[in-house]
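# got a predicted structure here, sequence first:
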Amino acid sequence: MISLLNITKRFGARTLLSDATLQIAYGDRIALIGPNGAGKTTLLEIISRKVDPDEGEVIISKSSVVGYLPQEIIQLRGRSVLEEVLSASDSINQIEATLKRLEHEMQETGDPKEKERLGLHYAELQIQYESKGGYDLEHQAKQILSGLSFKTENFGKKTDALSGGWLMRIALAKLLLSQPDILLLDEPTNHLDLQSVIWLENFLKGYAGAILFISHDRPFINALADRIVEIDSGKLINYTGNYDRYLAAKEEAAEIRQSTYENQQKKIEETQRFIDRFRAQATKARQVQSRIKQLEKMDKVDLAQERKKVRFTFPQPERGGQEVITLEGVDKSYGPVKVYQGLDLTITRGQKVALVGPNGAGKSTLIKVLAGVLPIDRGRRALGQRISLNYFSQHQLESLHPNYTLLQEMQEADPTGAQSFLRGILGAFLFSGDDVFKQVSVLSGGEKSRLALAKMLIKPANFLLLDEPTNHLDIPSRDVLEEALKEYTGTICFITHDRHVIRAVANHIIEVDEGRVTVYPGDYDYYLYKKEKNASEATSSSMSPSSQEKGRTPLSKGEQKEQKRREAEERNRLYREAQPLKKKIDALEKALDEKNKAYQECMALLADPNIYQDKVRFYEQMERHNRLKTEIDEATALWEKLSLEYEARSQTTTP
């Protein structure tokens, strides 16, 4: 489907990609990982033809459509939310417009032959429209918008009034509705709440095309990826499996490299000792020269340089009162919209509370009320004794001064702090040397997040309120933040869509849904268990047997015997019918084995760099690869269907 051949891309003196090669086949699920600034976004832009490589070639099969979701905020104006999403399917919209024009022309013309010609054309277009899902398009668009947390009453709302985060959701909805052959997604979960992330994850699992995506959300990668491509020193390194498999493979490779390095160093030392010992002896001259040549020809094993990591811990604060914060009878509205009415909530010392719930449910409003940055309309907000708080807003990055240097930002937070102390904190977040004199305006999103977190460390507090602290952080930085939050001895209330962080840190979950607050006194798995249990109990109560069934008269012995006879006959009949099904399954398995062998042969040929010198042969193999992949997918789907049918029959038969 797509081949990247020996791609090199430079920005000034810096080489981001060097001789990078990658193949993407239909149905692939590839997570692109690497540290911030490694070139992940640049690679997506090269594939989407937005940026040209300096060297190398991007080959995309002619029939393939590429869809790209960038990370930056886009501007959408003039349409409603639903109209904007529906505009993604241009080809369907063009057919629909033509159908309406033809309807009008057929009504206007009085010429029978012209009417017949228009009618035939109308019928052809109608078949195309139906095959492309035109009649179901609006329903699909509404389903996608609902999955991304848009409320039905907002489908007609103008996009002009929406924030950047909601505009990015519309861009994602348009892309999903258009169903390109390959999806290129740059941080698709960044602007989503947890509920929308889980919906997107499930949607993409069933997506027919290929997906190449950048994400720092470990559970999202684990659930979706079947390949990991790491950008390391400009090279693309492939790993089979999800993120956990990638970590295990990296660790195993590092152990092997360490062992090889140690063995080689031992060999070098032994050889060097021999050379030093017998260098002056004429009788050993030949052996000495042989050993010297051995050392010269030896391919030296180097240990991979360990990447710099963010290293920090929150200052352990003084012990505060048992009751950290209390809300009593709190009302909060935005104009006519009532968010909370009569809210009562208490957070106690040592609780690490994750706020969960859909976007718009009131999570950010609640954390702002707790932080005291948003005034309440009615009720009481009371901090406990000896409680000091620090608040990290998801909009904290916008409050940074673009023209300030990093050091000036830190000095603003602590005007009396020694420069060595402030530089030490910046150093823990990988801002060292002259980096501290960089202007904020040149920082990436991830670097700004690290700077905002660094400012929180200046003054220790025993109550942390964090609104989406993981946004823009890469996975290693998230892991460090996670460990710091786990070790922190104070109280935390936080919002994040990263399930890995919630699961690792939270010991209480508060679910917020349309102004209703439900406290779950346990971790994230306890919350999921209780939610599933409550849903199961609700389903069971709705499906309880009717009073008629409960009062049914028991069967007599004769009736029971007759019933058993009929059941035995039915089992025998099902068994006889299942045998032809078993033969079909066996034949299908044999055919699948042959196709899989052919597919592996094809993959081996495509892995040979020499094939790319012969473009005719390369395209033949790509076409064969795509055909085999489709045939295997179709045969596998049929095998699964027949196997399930056979299993169902077998479970009710006794031959």
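That came in fine, so what should we check first?
# C-alpha coordinates for stretch 410-417, CSV please?
What follows is stretch 410-417, C-alpha atoms only, in CSV (Å, rounded to 0.1, in the frame of the first residue of the first chain):
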residue,chain,number,x,y,z
MET,A,410,10.9,30.3,37.3
GLN,A,411,11.9,33.6,38.8
GLU,A,412,8.4,35.0,38.5
ALA,A,413,7.1,32.0,40.5
ASP,A,414,9.8,32.5,43.2
PRO,A,415,11.4,36.0,43.0
THR,A,416,13.6,35.4,46.1
GLY,A,417,14.8,31.9,44.9
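# list of residues touching it?
The contact list for stretch 410-417 (C-beta atoms under 8 Å, 6 or more residues apart in numbering) reads 401, 404, 419, 422, 425-426, 454-455, 458-459. (Each C-beta comes from the backbone N, C-alpha and C, glycine too.)
# for that stretch, give the mean pLDDT please.
Here stretch 410-417 scores 86 as its mean pLDDT.
# stretch 492-506 now?
Rounded mean pLDDT across stretch 492-506 is 92.
# what about it, start to end distance?
Its start and end residues considered, stretch 492-506 measures 9 Å (C-alpha to C-alpha, to the nearest Å).
# does Ile492 belong to a helix, a strand or coil?
strand (DSSP: H, G, I helix; E, B strand; the rest coil).
# the chain should start at 378 in everything you say after this.
Right, with 378 as the first residue, what we last looked at is Ile869.
# ok, now which ones touch it?
Counting by C-beta under 8 Å, 6+ apart, Ile869 makes contact with 728-730, 840-843, 862, 882.
# surely Pro837 touches Gln693?
Yes: applying C-beta atoms under 8 Å as the test, Pro837 and Gln693 come out as touching, 7.3 Å apart.
# buried residues in stretch 395-413?
Buried residues in stretch 395-413, defined by neighbour count with 16 or more other C-beta atoms under 10 Å: 395, 397-413.
# hang on, the earlier thing: which of the contacts of Ile869 fall in strands?
When those are checked against strands (DSSP state E), the matches are 729-730, 840-843.
# any chance of those in CSV, plus distance to Phe814, neighbour count and pLDDT?
Shown next, in CSV, are the ones in strands among the contacts of Ile869 (distance: C-beta to C-beta, whole Å; neighbours: other C-beta atoms under 10 Å; pLDDT from 0 to 100):
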residue, distance to Phe814, neighbour count, pLDDT
Lys729, 37, 21, 95
Val730, 39, 25, 96
Phe840, 33, 23, 93
Leu841, 29, 22, 92
Leu842, 31, 26, 93
Leu843, 28, 26, 92
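# so which helix or strand of the chain has the lowest pLDDT on average?
When each helix and strand of the chain is scored by mean pLDDT, DSSP states H and E, helix 924-927 comes last, with a mean of 46.
# other residues contacting the helix or strand where Trp543 lies?
Using DSSP states H and E, Trp543 falls within helix 541-555. With contacts defined as C-beta under 8 Å, 6+ apart, helix 541-555 is touched by 442, 444-446, 450-453, 458, 461-466, 514, 517-518, 521-522, 525-527, 536, 539, 560, 562, 565, 567-569, 573, 577, 580.
# averaged pLDDT, it. What do you get?
Rounded mean pLDDT across helix 541-555 is 86.
# past it, which element shows up next along the chain?
Helix 541-555 is succeeded, C-terminally, by strand 559-563 (DSSP H and E).
# give me the phi and psi for the closest residue to Arg876 other than its chain neighbours.
By the measure of C-beta to C-beta, 6 or more residues apart in numbering, the closest residue to Arg876 outside its immediate chain neighbours is Pro596, 4.5 Å from it. When read as degrees, to the nearest 10, the backbone of Pro596 gives phi -60, psi -40.
# quick one on the thing from earlier: in strands, which of the buried residues of stretch 395-413 fall?
395, 397-401, 406-410.
# want to throw those residues into CSV with distance to Thr868 and pLDDT?
Shown next, in CSV, are these (distance: C-beta to C-beta, whole Å; pLDDT from 0 to 100):
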residue, distance to Thr868, pLDDT
Ser395, 48, 88
Ala397, 47, 88
Thr398, 51, 89
Leu399, 46, 90
Gln400, 50, 91
Ile401, 47, 90
Arg406, 39, 93
Ile407, 41, 94
Ala408, 35, 95
Leu409, 37, 94
Ile410, 33, 91
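# save those as a markdown table, and put in distance to Ile379 too.
Below are those laid out as a markdown table (distance: C-beta to C-beta, whole Å):
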| residue | distance to Ile379 |
| --- | --- |
| Ser395 | 19 |
| Ala397 | 13 |
| Thr398 | 12 |
| Leu399 | 8 |
| Gln400 | 7 |
| Ile401 | 4 |
| Arg406 | 14 |
| Ile407 | 10 |
| Ala408 | 16 |
| Leu409 | 13 |
| Ile410 | 19 |
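# which of the residues you listed lies at the shortest distance from Asp621?
Ala408 (11.7 Å; C-beta to C-beta).
# and that closest one, what is it in contact with?
By C-beta under 8 Å, 6+ apart, Ala408 lies in contact with 590-592, 598, 601-602, 604-606, 619-620.
# tell me what it is bridged to.
Per DSSP bridges, the residues bridged to Ala408 are Phe590, Ile605.
# if I look at it, how far off is Arg1001?
27 Å (C-beta to C-beta, to the nearest Å).
# what's the answer for Leu965, then?
Per C-beta to C-beta, Leu965 is found 21 Å from Arg1001.
# same deal with Arg426?
26 Å.
# circling back to that earlier point, take the contacts of Ala408 and lay them out in JSON lines including pLDDT, distance to Leu722 and neighbour count.
Listed next are the contacts of Ala408 as JSON lines, based on pLDDT from 0 to 100; distance: C-beta to C-beta, whole Å; neighbours: other C-beta atoms under 10 Å:
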{"residue": "Phe590", "pLDDT": "95", "distance to Leu722": "37", "neighbour count": "23"}
{"residue": "Ile591", "pLDDT": "93", "distance to Leu722": "37", "neighbour count": "22"}
{"residue": "Ser592", "pLDDT": "91", "distance to Leu722": "33", "neighbour count": "23"}
{"residue": "Ile598", "pLDDT": "93", "distance to Leu722": "34", "neighbour count": "24"}
{"residue": "Leu601", "pLDDT": "93", "distance to Leu722": "35", "neighbour count": "23"}
{"residue": "Ala602", "pLDDT": "93", "distance to Leu722": "38", "neighbour count": "26"}
{"residue": "Arg604", "pLDDT": "92", "distance to Leu722": "45", "neighbour count": "20"}
{"residue": "Ile605", "pLDDT": "93", "distance to Leu722": "41", "neighbour count": "23"}
{"residue": "Val606", "pLDDT": "93", "distance to Leu722": "45", "neighbour count": "22"}
{"residue": "Asn619", "pLDDT": "91", "distance to Leu722": "38", "neighbour count": "20"}
{"residue": "Tyr620", "pLDDT": "91", "distance to Leu722": "36", "neighbour count": "23"}
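# state the pair within these that is farthest apart.
Of all pairs drawn from the contacts of Ala408, the greatest distance, 15.1 Å, lies between Ile591 and Asn619 (C-beta to C-beta).
# need the pLDDT of Leu732.
94.
# my guess is it is in a strand, correct?
Yes: the assignment for Leu732 is a strand, going by three-state DSSP.
# my guess is it meets Leu743, correct?
Yes: assessed by C-beta under 8 Å, Leu732 is found in contact with Leu743 at 6.4 Å.
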